[in-house]
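>>> the sequence isn't on hand, but the structure is:
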């Protein structure tokens with residue numbers, strides 16, 4: 001059984017400091033998790049007007065079960081190449097990589113906050129396989145553009161409690177909870193409880209869920225736009241989640257780490273980038289290396305198209321990226337191969 005713990009500013013896996021004694025191009029990896037955003041492994045779409053967009057090119061139809069089967073089949077190679085963790089979501093992420101409107105229905109929950117059985121089953125298969133392989137799972141609960149499908153704040157609280165109770169009672173010890181993705185973007189969420197100034201209430205709610213004396217480790221993620229963290233979240237969260245998207249250069253990631261550590265009320269805890277769409281893996285100076293050098297875990301985010309500023313949506317081509325649906329979960333592109341080749345350099 002795989003387990004994840006926090007020891008001060010470090011992550012520990014299976015009772016040992018994560019990546020203890022290992023380096024990547026001379027950068028110490030002690031206590032850090034090399035991770036990737038694989039958010040749509042349980043994706044589905046209940047909207048008959050949009051589901052056709054995700055059709056596989058060989059069949060002409062969308063198949064949620066196939067998507068998860070292919071995710072499962074790819075996982076052993078990710079682990080063999082050196083991946084430590086991945087982020088997956090109950091409500092997934094934009095199946096267009098980036099998008100302005102989200103008419104599809106990938107809610108994952110009923111309007112009252114009950115976890116839908118199909119999502120529960122697909123996520124369980126992924127979490128079980130991660131446990132077998134020794135991979136840590138960062139489980140995101142809410143995603144903007146889908147949270148409005150839950151009726152009200154009691155429904156949000158029920159959803160959080162139901163997910164946490166399910167994980168705990170399943171006996172999994174390798175799951176970290178991310179309440180919601182990018183809570184500090186003002187237009188992202190319908191419900192105020194998920195936005196930056198109140199999301200700490202949901203973090204506390206998740207932490208209050210226990211089973212046999214155990215609770216889960218909980219956080220929520222922030223964009224690189226101000227505020228990159230709030231004092232309330234910093235005080236309540238077990239670890240810090242931030243994103244590198246939209247940053248002007250690698251040095252900004254190191255600045256963000258220092259700003260977090262200088263925030264009033266900061267106490268030592270791990271800092272993790274679990275989404276960054278900047279690559280340049282062949283260069284001596286890039287986002288990944290800068291974050292790791294600053295003592296922060298780093299996560300690869302390949303949206304499925306060339307990164308643009310501002311980002312533009314793309315229809316998945318079953319080849320590029322790890323978010324635009326349908327997703328090819330193998331490392332079948334130059335960009336994906338460059339990431340996993342970089343992981344294999346860790347010694």
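Cool, got the structure. Just so we're clear, the structure is a prediction, and the values are computed from it rather than from any experiment.
>>> if I look at residue 117, how far off is residue 213?
Separation of residue 117 from residue 213 (Cβ to Cβ, to the nearest Å): 28 Å. Any C-beta I mention is one placed from the backbone N, CA and C, and that applies to glycine too.
>>> just residue 109 next, same as before
As judged by Cβ to Cβ, residue 109 and residue 213 stand 27 Å apart.
>>> residues contacting the closest residue to residue 142 other than its chain neighbours?
Among residues not flanking residue 142 along the chain, residue 180 sits closest, at 4.0 Å (Cβ to Cβ, 6 or more residues apart in numbering). Contact analysis of residue 180 by Cβ atoms under 8 Å, 6 or more residues apart in numbering lists 140, 141, 142, 143, 144, 147, 189, 194, 199, 202, 220, 221.
>>> check residue 105 too.
Going by Cβ under 8 Å, 6+ apart, residue 105 touches 45, 46, 47, 50, 146, 149.
>>> how many neighbours does the closest residue to residue 3 other than its chain neighbours have?
Leaving aside its sequence neighbours, residue 3 sits nearest to residue 173 (Cβ to Cβ, 6+ apart; 4.0 Å). Look at residue 173: counted by other Cβ atoms under 10 Å, it has 17 neighbours.
>>> can you give me the helices for the chain?
All helices of the chain, identified by DSSP state H, fall at 64-81, 117-133, 153-169, 199-207, 231-236, 251-261, 287-293, 334-344.
>>> stretch 208-216: which residues count as buried?
Judged by neighbour count (16 or more other Cβ atoms under 10 Å), stretch 208-216 contains these buried residues: 209, 216.
>>> ditto for stretch 90-103
Result for stretch 90-103 [16+ other Cβ under 10 Å]: buried residues 90, 91, 92, 93, 94, 95, 96, 97, 98, 99, 102.
>>> from memory residue 174 sits against residue 4, does it?
Yes - between residue 174 and residue 4 there is a contact at 5.2 Å, judged by Cβ atoms under 8 Å.
>>> overlap in contacts, these two.
The contact sets of residue 174 and residue 4 overlap at 13, 136 (Cβ under 8 Å, 6+ apart).
>>> ok, now how distant is residue 107 from residue 325?
Distance of residue 107 to residue 325, given as Cβ to Cβ: 15 Å.
>>> which of the two has more residues huddled nearby?
Higher neighbour count among residue 107 and residue 325: residue 325, with 28 against 24, using other Cβ under 10 Å.
>>> OK, contacts around the residue lying closest to the more buried one once chain neighbours are set aside?
Nearest non-adjacent residue to residue 325, counting by Cβ to Cβ, 6+ apart: residue 95, 3.8 Å away. The contact partners of residue 95, by Cβ under 8 Å, 6+ apart, come to 40, 43, 45, 53, 54, 104, 106, 316, 323, 324, 325.
>>> I'd guessed the fifth one sits against residue 47; true?
No - between residue 54 and residue 47 there is no contact, the gap being 10.6 Å when judged by Cβ under 8 Å.
>>> who are the neighbours in contact with the residue most central in space within the chain?
For the chain, residue 87 is the residue whose C-alpha lies nearest the centre (Cα atoms, centre = their mean; 3.0 Å). Contacts for residue 87 (Cβ under 8 Å, 6+ apart) come out as 35, 36, 37, 38, 39, 138, 139, 140, 178, 274, 275, 299.
>>> try it again with 10 Å
Neighbouring residues of residue 87 by Cβ atoms under 10 Å, 6 or more residues apart in numbering: 35-39, 41, 93, 136-140, 176, 178, 181, 221, 241, 272, 274-275, 299, 301.
>>> pLDDT wise, what is the nearest residue to residue 240 once chain neighbours are set aside at?
Nearest non-adjacent residue to residue 240, counting by Cβ to Cβ, 6+ apart: residue 271, 4.5 Å away. Residue 271 is assigned a pLDDT of 98 by the prediction.
>>> hmm, residue 271 is touching residue 291, no?
Yes - here residue 271 reaches residue 291: they are 8.7 Å apart, a contact under Cβ atoms under 10 Å.
>>> the more surrounded of those two?
For residue 271 versus residue 291, neighbours defined as other Cβ under 10 Å are more numerous around residue 291 (26 against 22).
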